[in-house]
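Undergrad: pasting a predicted model and its sequence here:
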Amino acid sequence: MLRTTATRTAYRLLALVSFALGVIGAFLPLMPTTCFMLVAVWAASKSSPRFAAWIRQHPRFGPPLAAWERERAIPRHAKRLAVLMLGLSMGMLVFSPVSPIVKLAVIVLLLGIAAWIVTRPEPRAFPIFTFTSQALSPRAMNSFQRRL
């Protein structure tokens with residue numbers, strides 16, 4: 001549906017900026033990584049499928065993205081870090097010179113986000129190779145044994 005060059009360029013720019021922010025987040029403790037990578041993959045899939053595939057296959061960023069796309073799952077360490085950062089944000093907000101109504105609204109929002117994150121499942125371990133009925137057929141097994 002992306003017929004215009006301007007729309008494609010906008011998605012590509014969003015993908016590149018999100019990817020760059022995700023890479024920065026991998027090195028800065030207060031900056032998230034996975035959410036930027038999710039946006040990068042989404043935008044890249046609309047503008048550059050090759051870039052989206054590269055991100056998905058990246059050794060550092062690919063596994064959490066695959067877990068999210070496959071199962072909508074968040075790894076335990078990422079949950080802990082996210083909740084810790086949300087808690088620190090709430091703590092800093094308490095001491096900020098903002099009106100109490102705004103503080104309360106933001107804290108309630110952050111608590112809701114933390115609850116949502118905690119309730120996401122953790123990724124299941126998947127085998128590297130999955131067998132199909134065709135792969136287990138006697139004919140396929142014989143050809144596999146011949147190669148050994």
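TA: Sure thing, it's come through. Only a predicted model underlies this, so the values are computations on that prediction, with no experimental measurement involved.
Undergrad: helices along this protein, start to end?
TA: 5-27, 34-47, 49-57, 62-71, 76-94, 100-119, 138-147 (DSSP state H).
Undergrad: let me know which of those is the nearest to residue 125.
TA: helix 62-71 (10.3 Å; C-beta to C-beta). All C-beta atoms are positioned from the backbone trio N, CA, C, and that covers glycine.
Undergrad: contacts for that closest one?
TA: 34, 37-38, 41, 55-56, 73-75, 78, 121, 123-124, 126 (C-beta atoms under 8 Å, 6 or more residues apart in numbering).
Undergrad: related to what we said a few turns ago, can you tell me which of the helices of the chain is packed in deepest?
TA: helix 34-47 (a mean of 20; mean count of other C-beta atoms under 10 Å).
Undergrad: now for that helix, which elements pack on it?
TA: helix 5-27, helix 49-57, helix 62-71 (3 or more C-beta pairs under 8 Å, 6 or more residues apart in numbering; DSSP states H and E).
Undergrad: mean pLDDT for those - can I get that in CSV?
TA: Below are the helices and strands packed on helix 34-47 laid out as CSV (pLDDT from 0 to 100):
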stretch, mean pLDDT
helix 5-27, 89
helix 49-57, 88
helix 62-71, 84
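Undergrad: can you put the ones you listed in TSV and add distance to residue 112?
TA: Output for the helices and strands packed on helix 34-47, formatted as TSV (distance: least, C-beta to C-beta, whole Å):
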stretch	distance to residue 112
helix 5-27	22
helix 49-57	28
helix 62-71	19
